[in-house]
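# Got a predicted structure here, sequence first:
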2 protein chains.
Amino acid sequence: MAYRNLARTRQPSLGPTAPRKRFDPIDTSPIEEKIKKSSSLPDHPLTNHSENHHLYLYENKVKGRFEKIVPLLKKVSSLQHYEDFVERAQKLSRSELGFDLPLHILEKAWVGNVDMKALFAWCVFYSHQESSDEFFNSDPLNGSSDSSSAKSFQSFLAECGFHLLDITPCADGRLAHAISYALRIPFSSVRRRSHAGALFDIEKTVGRWIKTEHTRYRESFPNSSSDPTRYLKAVIYHFSSVDPNHQGCAAHGSNDELAAAKGLERLLGFREAVENTFCCGASVDLLLIGIDTDTDAIRVHPPSIDNNVDLKSWICARSIYKETQYLTDQEALRKIEDTISSVSPGKMDSNMVSFISKLITNNLSQIDYVKKFHSGQYKDAGHAERFIGVGIGFKEVHLRNLTYFAHLDTVEQGAPDLDVGVKIFTGLNISKNLPIPIVVRFDYSGSVPHARERALADCKRVDEAIKARYSELYDQGSLHTFLTIRDRDKKSPAEVVGSSLDPALKESH
Amino acid sequence: MAYRNLARTRQPSLGPTAPRKRFDPIDTSPIEEKIKKSSSLPDHPLTNHSENHHLYLYENKVKGRFEKIVPLLKKVSSLQHYEDFVERAQKLSRSELGFDLPLHILEKAWVGNVDMKALFAWCVFYSHQESSDEFFNSDPLNGSSDSSSAKSFQSFLAECGFHLLDITPCADGRLAHAISYALRIPFSSVRRRSHAGALFDIEKTVGRWIKTEHTRYRESFPNSSSDPTRYLKAVIYHFSSVDPNHQGCAAHGSNDELAAAKGLERLLGFREAVENTFCCGASVDLLLIGIDTDTDAIRVHPPSIDNNVDLKSWICARSIYKETQYLTDQEALRKIEDTISSVSPGKMDSNMVSFISKLITNNLSQIDYVKKFHSGQYKDAGHAERFIGVGIGFKEVHLRNLTYFAHLDTVEQGAPDLDVGVKIFTGLNISKNLPIPIVVRFDYSGSVPHARERALADCKRVDEAIKARYSELYDQGSLHTFLTIRDRDKKSPAEVVGSSLDPALKESH
C-alpha cells in the first residue's frame, strides 16, 4: 500500500537496488573465542555487557542454521550417485543440520539429478521454522509480554505518558533487528509494522489507533481513556555511513534527507488524519528516528512540546558515544538529556526527553555490539537476506538481514515491494543458481469466528498470485513458497499449511 | 473478500448464472398514462401513493436514459458514410440523448467504420454520470441527511433503540433498490455494503463497528456511548417466487434455505467477533431479511429478545398485504405487529417489533409499486444490469437491475465477484456485440491527508488489474472502463478521473 505511489512514478531507483556484493555476515572464528576476545575491549559505561553476549549467541545460533545449508548440500550433491544415497544424505544432514531432508525429493535422485534447488529451499524453510518455533516456545530474546524486561519497559512507557508505542521501520532486511537489537525494546512492548521507505498506510494506522483508543475506553487496557496519556507513532528511516549514495534507503534513492522528510510527512499526515477524523482533542505524538545500517547507530529528531520537528537537527548516538565514553553513568546520562534538549527546535516535554534518552542509551549497547562482534561495522553493508517474508505477521523476525519483508494483504497492492524483493534475491540467489525462498504468513485473531479459515485462504490466494506473477521462476523451480498462519491471540508458534515443495502439490502439476 | 471461500470450492453453480433471457424492463406506454391508469387501481390502505409516483418517475427518468442509447446509436450507424456525418450524428444525439457524442471517436468514421462499441460504452458512462451528478446535486430520492424523511427516520431509529443501521444486501443488481424502494429507508440513514450472497466481511465490519462506537464515545455522535442503544446489523438474502430454482441467489445455488442460513451464520459470526474482541457487554443486534426479486415482497425473521432467530419462521409482506388490504390503517398495523410477535421463536423486544413493523409497512407500498408499474412482477426476472460497478462507494445507485456491484479493494480478492459480473455481461452485452461497461469508483475521506491521491491510485491500480484479467475483451474493445473517485465527507458528485475511452490513452497504445 504505502509503496504504491513510488511504484507509479516508474523511477527504477525508487526500489532498493540489488546488492552489489555479498559478504559472509557471520564471523567464522569460534563464538566462544570471539566472546572472550570481546570481553577484553572496553565498553561504554552505559552498555549492557551481558545482554550483548546473549544477543550475539542468539544471532549466531539462528543465522548459523542458514549458514550450514550450502556446505551440507554441496556434500549431499557429491553423494547422489551412490546406491545408498538416501541413507548417506540423511545421515549427513542429521549430523550437520540436525534434521532429515525430505524423502520424496531424495528418492528421485536415481532417475537423474537430485533437485538441489528444492533441497535448498526446503532447508531454508525448515531452518526458519525451527527458529520461529523456538521464538514462540521459549522466548529467547526475553521480550514476550510475560518477561520482566517487557513489564519494566511497559512501566517506563507509562511513566513517560505513552499508552502505546507504534513503530514503522523501513521493510529493508537491514532494519529487521531495529526493535530488539538497535533500540533494545522488548518486542511485545511495541507495535511494529515494516514498510518500504517507512511509508506506512495512514488509513490502516488510523484504524489501529481507533481500536487502541476504544479498548482503553471499553476495557481500560492498557489504561483508562480518561488518563491523559498519548499514542506514540515513530518512523525509522535509514542511511549508510560507509556508502551513503548506494546503500541508503533505495525507496528514497539513497537520499537521507529525502528519507527523513518523507518519513516526517507520513507522520504528520497520520496526526492530521486522526485530528480530522475525530474532534475533541484527538491526537498522537510523533517521533522521527534514523539509523545507520552500517553501525546501527541511531539519530533521533527531538520534537518540541508544540510538535515541531526539525529535519536537520538530531542527536546522534555515535557522537554521544564518543562524547560520553569516559564519563560516569550519571554524567553520561545528563549529557544525553542535555543534548536532546539542546537540539530540539523548541522547549521539550520532559517525558519525551526521558523516552529519547532511553533509546539513545539502549543504542549505546548496540554500538558496542557492532564494535565487538562485527568489527565496528557490518561486513554485509548491502542486502544479504535469507528469505522473503510476505503477508501480515512475522513477530519472530528480529535479526539483521534475515528477511526482506513485503508487508501486504494482496500481491496486487504489494507488487512493487515484492518485485524489489525478487530483484534483490535475483542478485543474492538466482545468480548462484539457488531458488528464491518465500515464506507467506497471515496472522489472524482466533477469537473471530472462521478467521483461521480466512487466513488460510489468504495464504493460498497470495501464493497463487506470487506463482502467477513470477511464473517463469516458479516453473523453473527457482522460486519456492512456504505457507504459514498464526493465531495472534495465542502465544503458540505458527502453523505450516502448505508449501510448493509438498509432494502432493508437485504431483498435481 | 466475502466471496473468496465460495470461489475456492470451484463449484460453478456458486456464482450468479448468466441470464437466460432479457426482457425490456421499462414499460413502453407513456409514463403519464401509466400513472393515470395506476391511480384507478386500489392501493393497500398503508401504501404511500404519492411516494410511489415520485419513485416511478425517478426510475423512468434514469433508466430511460440508458434505454435510448441503442436506438440512437442504430440511427448514428446508418449515417456514418455521409460527408457531414459528424454534424448529423451530433445533432441527432443532442436531440435524442441531450448530449454530444465524443468527437475523437466520431472523427475517425471516414477511415473505416465508426467504433460503435466505444460510442455505446461512452453513452452508458455519460448517462450514469448524469444520473450520479443529479443524485448528489438535487437529492431526487429525498434521502440525504438534510431531508425531512431522513431526519424523521433517524428519530424513529433512535426511538427503537438503535444508533446505527448497517445493512448488507446481496450484490445482485436485482437488490440495488432494496434500501430506497423495497424498504423505503432514506439512503443516508443506513450503512449499505453489498456483497455477493450477502456474505459481508466480518473483520472489516468489526472495524466499522469499532469506529462507530468510538465516535459515540468521543463525540456523542449519533448519541452518547452511555446511552443503552444498539448497533443493528441486517442481511438481505433473496429468492425468486416465479422461478425459484434458477433465479434465486446464485451465490447459494438458488437455494433459499441455504441463502438464509448462510446470511444468519455470517450475522452470528459478526456478533461473536464483536463480543470476543471486547469484553464488558459489547454486542450488536441482528436482523435477517429475505426479498422476492420478482415482487419485491420481503420476509423478516423476527428475533426473540434472547437473540434467537428461526430460519423457518418469518413474516411475509405479501401474505400480510392480502390479510390486511381491506382493514383500516390501525387494524392493519395491529395485525402486522401481532403477526411479528407470533412468528418469533420467543418473547420479543417491543422496539424490535416496531422496527420490523415499519419495514413491513414500508414494503406494502413497494408491493403496490410493483403491482401498478410492473404488472405485479418484474418482466426482467433475471439479470438486466446496465453496467458493472467496481470498487468502494456508489452511494447513488438505487435502482433495480441498474448495476451489478463488485465491492472490492483489489481485483485479486474480488476476482470471483468480478468474474461473475463479466459472465453476466457476456450474456447481456457481448452476445449482442456490445462491450461491457465497467465503472470503477473509490470513495475516500477528504479529511485524511493525501487520501484523494490514494483513491486515484486505487482506481488506476484496479483499472490495470481489470485490463490484465480480461485482456482479450479489452484488446477487442469489448470492455471499457470509466474511473471515478468521490470525497465521502462532502455532498458533491463524484469526480471523473479517467476512462479507457480517453483520446490520449487510446493513442498511447
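Happy to help now that I have it.
# ok, which stretches of the stretch 101-250 of chain A are strands?
A:162-169, A:191-192, A:230-239 (DSSP state E, counting those that start in this stretch).
# closest one to chain B among those strands?
strand A:230-239 (13.1 Å; C-beta to the nearest C-beta). From N, CA and C alone the C-beta is placed, and that goes for glycine too.
# returning to what we had before: and A:Glu453, which of the strands of the stretch 101-250 of chain A is closest to it?
Taking C-beta to C-beta, strand A:191-192 is the member of these nearest to A:Glu453, at 25.5 Å.
# Tell me which stretches of the stretch 251-400 of chain A form strands.
So, for the stretch 251-400 of chain A - with DSSP E, counting those that start in this stretch - the strands run A:285-292, A:298-301, A:315-316, A:387-392.
# want to try TSV for those strands, with mean pLDDT and distance to B:Ala260 as columns?
Converted to TSV, those look like this (pLDDT from 0 to 100; distance: least, C-beta to C-beta, whole Å):
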stretch	mean pLDDT	distance to B:Ala260
strand A:285-292	98	49
strand A:298-301	98	58
strand A:315-316	98	63
strand A:387-392	96	33
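# Turn those into CSV, columns for mean neighbour count and distance to chain B.
Shown next, in CSV, are those (neighbours: other C-beta atoms under 10 Å in any protein chain shown; distance: least, C-beta to the nearest C-beta, whole Å):
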stretch, mean neighbour count, distance to chain B
strand A:285-292, 24, 13
strand A:298-301, 25, 20
strand A:315-316, 22, 28
strand A:387-392, 25, 11
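# Ok, which of the ones you listed comes nearest B:His407?
Using C-beta to C-beta, the nearest of those to B:His407 is strand A:387-392, at 21.4 Å.
# ok, then the element right after the closest one?
Using DSSP states H and E, the helix or strand that follows strand A:387-392 in sequence is strand A:403-407.
# Now do the next helix or strand after that next one: which elements does it pack against?
Once the chain leaves strand A:403-407, the next helix or strand it forms, by DSSP H and E, is helix A:411-428. With contacts taken as 3 or more C-beta pairs under 8 Å, 6 or more residues apart in numbering or on different chains; DSSP states H and E, helix A:411-428 sits against helix A:4-8, strand A:387-392, strand A:403-407, strand A:436-444, helix A:451-469, helix B:411-428, helix B:451-469.
# Okay, A:Lys372 and chain B: tell me how far apart.
The span separating A:Lys372 from chain B equals 44 Å under the rule C-beta to the nearest C-beta, to the nearest Å.
# which residues touch that residue?
Going by C-beta atoms under 8 Å, 6 or more residues apart in numbering or on different chains, A:Lys372 touches A:38, A:41, A:52.
# Dump those into JSON lines; add neighbour count and pLDDT as well.
Below are the contacts of A:Lys372 laid out as JSON lines (neighbours: other C-beta atoms under 10 Å in any protein chain shown; pLDDT from 0 to 100):
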{"residue": "A:Ser38", "neighbour count": "18", "pLDDT": "72"}
{"residue": "A:Leu41", "neighbour count": "9", "pLDDT": "77"}
{"residue": "A:Asn52", "neighbour count": "23", "pLDDT": "97"}
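# Where helices are concerned, which of these count?
A:38, A:52 (DSSP state H).
# residue at max distance from the center of chain A?
Within chain A, the residue lying farthest from the chain centre (C-alpha atoms, centre = their mean) is A:Glu83, at 43.8 Å.
# surely A:Leu333 meets A:Thr361?
Yes. Between A:Leu333 and A:Thr361 there is a contact under C-beta atoms under 8 Å: 7.0 Å.
# coming back round to it: for the strands of the stretch 101-250 of chain A, which one sits closest to A:Gly427?
Across those, closest to A:Gly427 is strand A:230-239 (C-beta to C-beta), at 19.2 Å.
# Note down every partner strand of the closest one and its orientation.
Partners of strand A:230-239 in the sheet, by DSSP bridges, are strand A:162-169 (parallel), strand A:285-292 (parallel).
# Serialize those to CSV and add fields for distance to B:Lys151.
Below are the strands paired with strand A:230-239 laid out as CSV (distance: least, C-beta to C-beta, whole Å):
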stretch, distance to B:Lys151
strand A:162-169, 39
strand A:285-292, 40
